[in-house]
Every structure is written in C-alpha cells, then in structure tokens.
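Below: sequence and its predicted model.
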Amino acid sequence: MMTEKLCVDDMQCNGCAGRVVTTLMAVSGVVKVITSLDDHIAEVTFDEKSTTSEALHSALLGAGFRTQGKKCC
C-alpha cells in the first residue's frame, strides 16, 4: 500500500470534500481517502499495483476538480 497527499485546489466546502472522497474511492485499488478543507489536500491510500498517482489525478480532473498533477508533500 502507498499513501500520497494530493492537492485539490478548488475543494472549498464539505460537499466538495465528499465528492472528492467518492471520486477517489471509485478508482480501482483505492482503500482510504481523508480530506482536509483547510489545506485543500486529499490523502489517498491505494494499492500501487492496481492504480497510479496519474489515475487519481485524472479521476479528480474528470470530476471537475483542479489538481496540480503532483503530490503536495
């Protein structure tokens, strides 16, 4: 398992945070998502054999969220 912090620039409210969680949990291999509205971060735990960071960013973009395409930290 691997954990990455992804920047989600336009996650502004609890509704957005819920959509981020739902979007990322739908990606094959994702097992856990924790969001931080204050920091605009989604911390994602996933099986790196089943998915990639690029797939996570692509899912967020497809759901209408801006993402920097790289890890935050």
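Thanks, I have it. Numbering: from 1, shown residues only.

before we move on, what SS does the residue nearest the centre of the chain have?
With distances taken as CA atoms, centre = their mean, the residue of the chain nearest its centroid is residue 42 (4.8 Å). Assigned by DSSP: H, G, I helix; E, B strand; the rest coil, the conformation of residue 42 is strand.

ok, now residue 12?
Assignment for residue 12 (three-state DSSP): coil.

Which pLDDT does the model give it?
On the pLDDT scale, residue 12 is placed at 88.

Measure how buried residue 53 is and give me the count.
Residue 53: 16 surrounding residues under other CB atoms under 10 Å. All C-beta spots, glycine's among them, are computed from the backbone N, C-alpha and C.

no no, residue 26
By other CB under 10 Å, 10 other residues sit near residue 26.

which residue sits closest to it, ignoring its sequence neighbours?
In this structure, residue 26 finds its nearest non-sequential neighbour in residue 59, 7.0 Å apart by CB to CB, 6 or more residues apart in numbering.

Helix, strand, or coil at the one you found?
Three-state call for residue 59 (three-state DSSP): helix.

Settle this for me: it is touching residue 29, isn't it.
No. The pair residue 59 / residue 29 is not scored as a contact, 11.3 Å apart, by CB atoms under 8 Å.

Now do the strands in the chain.
2-8, 30-36, 41-46, 67-71 (DSSP state E).

Give me the angle between the second one and strand 41-46.
Angle of strand 30-36 versus strand 41-46, following axes from the mean of the first three to the mean of the last three CA atoms, to 10 degrees, is 170 degrees.

Can you tell me the strand partners of strand 30-36 and which way each runs?
Sheet pairing for strand 30-36, assigned by DSSP bridges, gives strand 41-46 (antiparallel).

Give the buried residues for the strand it pairs with.
Neighbour-count burial for strand 41-46 flags 41, 42, 43, 44, 46 (criterion: 16 or more other CB atoms under 10 Å).
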